[in-house]
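S.K.: pasted the sequence and its predicted model underneath.
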Amino acid sequence: MRRLRNVKIVATLGPASETYEMIRALHEAGADVFRLNMSHGTHDEIREKHRIIRQVEKDMNSPIAILADLQGPKLRVGVFANGEEELVEGAGFRLDLDKTAGDATRVCLPHPEIFEALETGATLLVNDGKIRLKVTACGEDFADCTVIAGGTISNRKGVNVPDVVLPLAALSEKDRDDLEFVCGLGVDWLALSFVQRPEDVKEARNLAQGRAAILSKIEKPSAVTHFDAILAASDGIMVARGDLGVELPVASVPPIQKRLVRKSRFAAKPVIVATQMLESMIDSPMPTRAEVSDVSGAIYEGADAVMLSAESAAGHYPIEAVTTMNDVAVEVEQDPTYRQVIEASRSAPRHSVADAIVAAAREVAETTPIKAICCFTESGTTALLTARERPRVPIIALTSLRGTARRLALSWGTYCAIADDVHRFKIAVVSAARAATGAGFAGPDDQIVVTAGLPFNVPGTTNILRVAPCDERLILNMENE
C-alpha cells in the first residue's frame with residue numbers, strides 16, 4: 001500500500017484488535033508494523049494474531065512487519081496481609097526475602113540479585129515511581145529504606161532500581177521460550193526489554209540465529225549510558241519513554257529522545273519513538289493537543305516510526321488512533337519547516353562506495369525532476385542507507401526476499417516491493433520502472449533513479465547508479481547490459 005507519508009506507524013495488537021476485520025482495517029488506516037506484546041496472551045493467541053496478519057498481508061499484497069516485544073525481567077514486590085498499605089513520608093520500610101505477607105513496615109522483594117547489587121544511598125521506585133524509597137542500610141537479604149515519597153503500596157507492584165546496573169540477564173526463562181516460539185512463527189523483529197548493556201543484545205542475537213532482526217528498547221539509565229555500544233550491537237532502537245521517565249528525571253527524557261533518534265539515524269538503523277503518544281485516545285475519539293504535538297515532535301526529529309500501545313491494543317478507538325497518527329504525519333511532512341529540520345540534521349559518514357552511491361542518488365533526485373529512488377537490496381542495507389539520507393522523493397526497495405521486504409516496513413520512507421531475481425542491469429531497470437509506475441509513484445513519461453550492485457544478489461555490493469526512464473520501450477532500447 002502506498003502511504004502519503006514517510007514515517008511509519010507501529011500498532012500494538014490486543015483484545016481491541018485481534019480479529020481479521022480489525023487488523024485489516026488498522027493496516028488500511030495506516031499501520032505498517034504490528035507489535036505482539038509477549039507480556040500478554042498465550043502462545044496460541046499470539047500464533048493466531050500472527051496468522052491473521054500474514055493473511056491480511058497476502059490479501060492486500062502489502063508486506064507487513066511483525067514485531068514481537070519480549071517481556072524482560074519483571075521486578076515486583078510480594079503480597080500484603082491487607083492487600084495494600086499506606087507508606088508515609090519519612091517512615092522506615094524494609095524490603096527482604098521473607099515470603100511472609102507484608103505490612104506497613106516491610107514486604108518481600110523476591111529478587112536476591114537486587115540485594116547483591118544495592119548500595120547505601122540507592123533509590124528504589126515502586127508503582128511507576130509513585131513511591132520513592134532511599135536505601136539507608138542493606139545486606140544480602142534485606143534493604144532498610146526511608147520513604148522519600150509516600151503513597152499506597154499494594155500486591156505485586158513493580159520496582160525500578162535506577163541507580164544500579166543489576167546483575168540480571170535481559171532474557172528471563174520466559175523470554176527465551178517466547179523468543180524461540182516467535183522465531184519459529186517467523187516474526188521480523190524482536191524487541192528486547194530492559195536492555196542494560198551490549199552483551200544483552202548479543203545474547204538475544206545468538207539465540208535468534210538470524211531468524212529476526214534485533215531491536216533494543218532504551219528504558220533504563222544504564223542503556224542511555226552505554227547507548228553507543230548497544231546501538232552498534234542492534235539492528236534497531238526503540239525509545240521506550242515510559243520506564244525511562246520513571247527511572248530518570250522526567251525533564252531529561254525529551255533531550256535524550258532527540259539524541260537517541262539522531263544517533264540511530266546517523267547509524268542507518270530504524271528508531272521507534274514509543275509510549276503514551278496518544279494515551280487519551282484509549283477512552284476518547286479525539287487526542288489532546290499536547291499529544292498531537294508530541295507525535296509531531298518525533299516526526300520532526302526524523303524518527304523512523306511512532307508507536308501506539310494501549311491505544312490500539314485495548315482502547316475503545318483503535319482505528320481512530322491510527323488514523324489520527326497518520327493524519328498528523330501527513331500534515332507535518334507537508335510543512336516546509338519539516339524539510340528544513342530534516343535536512344539541517346543530515347550528517348552521514350561517507351566511508352564506502354554504498355554510502356557515496358546513496359548520497360549521490362539523493363542529490364540527483366533533489367536537483368532534477370526524479371520521481372523515486374529505486375534500490376535493489378538483498379539484505380536491506382542499501383534501502384536503510386538510502387532512508388538515512390531522508391530524500392525528498394519516495395524510496396522503492398526491490399528485493400526477491402520477502403523477509404527483507406517485511407523488515408524494511410519499519411524503515412522511514414521505504415515502499416517495499418517483491419521483485420524476481422535479476423541478473424542483468426537492464427532487466428533490473430525494467431523491474432524498477434514497473435514498480436514505480438504500478439504503485440503510482442511515477443508515470444511513463446517520468447524518470448527514476450536506480451541503484452544496484454553488480455554482481456546481483458550479493459549483499460553489500462551497491463556500486464551502480466542510473467537515471468532511467470519509466471517508459472519500458474525506451475529501457476529496452478538501451479544498449480545491451
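M.R.: Yep, that arrived.

S.K.: what residues of stretch 237-250 count as buried?
M.R.: Using 16 or more other C-beta atoms under 10 Å as the test for burial, stretch 237-250 gives 237-241, 243-248. Glycine gets a C-beta too; all of them are placed from N, C-alpha and C.

S.K.: in strands only, show me those residues.
M.R.: Among the buried residues of stretch 237-250, DSSP state E puts 237-240 in strands.

S.K.: how many neighbours does the spatially closest residue to Ser17 that is not a sequence neighbour have?
M.R.: Computed as C-beta to C-beta, 6 or more residues apart in numbering, the closest residue to Ser17 that is not its neighbour in sequence is Pro318, at 4.9 Å. Counted with other C-beta atoms under 10 Å, residues neighbouring Pro318 total 28.

S.K.: cool, Phe34 as well?
M.R.: Here the number of neighbours of Phe34 (other C-beta under 10 Å) works out to 28.

S.K.: that one contacts Gly14, correct?
M.R.: No: counting by C-beta atoms under 8 Å, Phe34 does not reach Gly14; the two are 10.7 Å apart.

S.K.: packing partners of the longest helix along the chain?
M.R.: Of all the segments assigned as helix in the chain under DSSP state H, the longest by residue count is helix 43-60. In terms of contacts (3 or more C-beta pairs under 8 Å, 6 or more residues apart in numbering; DSSP states H and E), helix 43-60 is packed against helix 20-29, strand 33-37, strand 65-69, helix 173-185.

S.K.: quick one on the thing from earlier: contacting residues for the residue nearest to Ser17?
M.R.: 11, 16-17, 22, 26, 308, 311-312 (C-beta atoms under 8 Å, 6 or more residues apart in numbering).

S.K.: quick one: which of those residues is most hemmed in?
M.R.: Using other C-beta under 10 Å as the neighbour criterion, Ser312 leads the contacts of Pro318 with 32 neighbours.

S.K.: now name the helix or strand holding that one.
M.R.: Element membership for Ser312 (DSSP states H and E) is helix 310-313.

S.K.: can I get that helix in CSV, CA atoms only?
M.R.: The C-alpha atoms that make up helix 310-313 are tabulated as CSV, following Å, rounded to 0.1, in the frame of the first residue of the first chain:
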residue,chain,number,x,y,z
ALA,A,310,-2.8,0.5,24.7
GLU,A,311,-4.4,3.0,22.2
SER,A,312,-4.7,0.2,19.6
ALA,A,313,-4.4,-2.9,21.9
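
S.K.: may I have the helix or strand just after it exported as CSV, CA atoms only?
M.R.: Next in sequence after helix 310-313, counting helices and strands by DSSP H and E, comes helix 318-333. Taking C-alpha atoms only, helix 318-333 is exported to CSV below (Å, rounded to 0.1, in the frame of the first residue of the first chain):
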residue,chain,number,x,y,z
PRO,A,318,-8.0,1.8,17.8
ILE,A,319,-8.9,2.8,14.2
GLU,A,320,-9.3,6.4,15.1
ALA,A,321,-5.9,6.4,16.9
VAL,A,322,-4.1,5.0,13.8
THR,A,323,-6.0,7.4,11.6
THR,A,324,-5.0,10.4,13.8
MET,A,325,-1.4,9.4,13.8
ASN,A,326,-1.5,9.0,10.0
ASP,A,327,-3.1,12.4,9.6
VAL,A,328,-0.6,14.1,11.9
ALA,A,329,2.3,12.6,10.0
VAL,A,330,0.9,13.7,6.6
GLU,A,331,0.3,17.2,7.8
VAL,A,332,3.8,17.5,9.4
GLU,A,333,5.6,16.2,6.4
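
S.K.: what are the buried residues along helix 318-333?
M.R.: 318-330, 332-333.

S.K.: break this structure into its domains for me.
M.R.: What automatic domain parsing lists as the domains of the chain is 8-72+169-338, 84-160, 353-476.

S.K.: possible to save those as CSV with distance to Met1 and mean pLDDT?
M.R.: Below are the domains of the chain laid out as CSV (distance: least, C-beta to C-beta, whole Å; pLDDT from 0 to 100):
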stretch, distance to Met1, mean pLDDT
domain 8-72+169-338, 5, 96
domain 84-160, 37, 95
domain 353-476, 9, 91
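
S.K.: the residue positioned nearest the centre of the chain bridge partners, please.
M.R.: Computing the C-alpha centroid of the chain and ranking residues by C-alpha atoms, centre = their mean puts Ile272 first, at 3.7 Å. Per DSSP bridges, the residues bridged to Ile272 are Met238, Ala305.

S.K.: residue contacts, it?
M.R.: By C-beta under 8 Å, 6+ apart, the contact set of Ile272 is 10, 215, 236-239, 303-307, 410.

S.K.: would JSON lines of the residues you listed with distance to Cys145 be doable?
M.R.: Listed next are the contacts of Ile272 as JSON lines, based on distance: C-beta to C-beta, whole Å:
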{"residue": "Val10", "distance to Cys145": "38"}
{"residue": "Leu215", "distance to Cys145": "35"}
{"residue": "Gly236", "distance to Cys145": "37"}
{"residue": "Ile237", "distance to Cys145": "34"}
{"residue": "Met238", "distance to Cys145": "31"}
{"residue": "Val239", "distance to Cys145": "30"}
{"residue": "Ala303", "distance to Cys145": "38"}
{"residue": "Asp304", "distance to Cys145": "41"}
{"residue": "Ala305", "distance to Cys145": "39"}
{"residue": "Val306", "distance to Cys145": "38"}
{"residue": "Met307", "distance to Cys145": "34"}
{"residue": "Leu410", "distance to Cys145": "42"}
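
S.K.: which of those sits closest to Lys99?
M.R.: Of all the contacts of Ile272, the one with the least separation from Lys99 (C-beta to C-beta) is Met238, at 34.9 Å.

S.K.: which ones are touching that closest one?
M.R.: The contact partners of Met238, by C-beta under 8 Å, 6+ apart, come to 191, 215-218, 271-274, 307.

S.K.: of the residues you listed, which count as buried by neighbour count?
M.R.: Among the contacts of Met238, those classed as buried by 16+ other C-beta under 10 Å are 191, 215-218, 271-274, 307.

S.K.: of those, closest to Lys134?
M.R.: Among these, and counting by C-beta to C-beta, the member closest to Lys134 is Ile218, at 25.5 Å.

S.K.: excluding its backbone neighbours, what's nearest that closest one?
M.R.: Ile218 sits nearest to Val239 (C-beta to C-beta, 6+ apart), 5.6 Å away.

S.K.: go on, Pro15?
M.R.: Nearest to Pro15 is Ala314, by C-beta to C-beta, 6+ apart, at 5.7 Å.

S.K.: over to Asp471?
M.R.: Leaving aside its chain neighbours, Asp471 sits nearest to Pro444 (4.9 Å; criterion: C-beta to C-beta, 6+ apart).

S.K.: in terms of helices and strands, where is Ser216?
M.R.: Ser216 is part of strand 213-218, with elements assigned from DSSP H and E.

S.K.: which strands and helices lie in contact with that strand?
M.R.: Here strand 213-218 touches strand 189-192, helix 198-208, helix 227-233, strand 236-240, going by 3+ C-beta pairs under 8 Å, 6+ apart.

S.K.: just how off-centre is it within its chain?
M.R.: 7 Å (C-alpha atoms, centre = their mean, to the nearest Å).

S.K.: ok, stretch 23-42 next?
M.R.: Per C-alpha atoms, centre = their mean, the centroid offset for stretch 23-42 relative to its chain is 13 Å.
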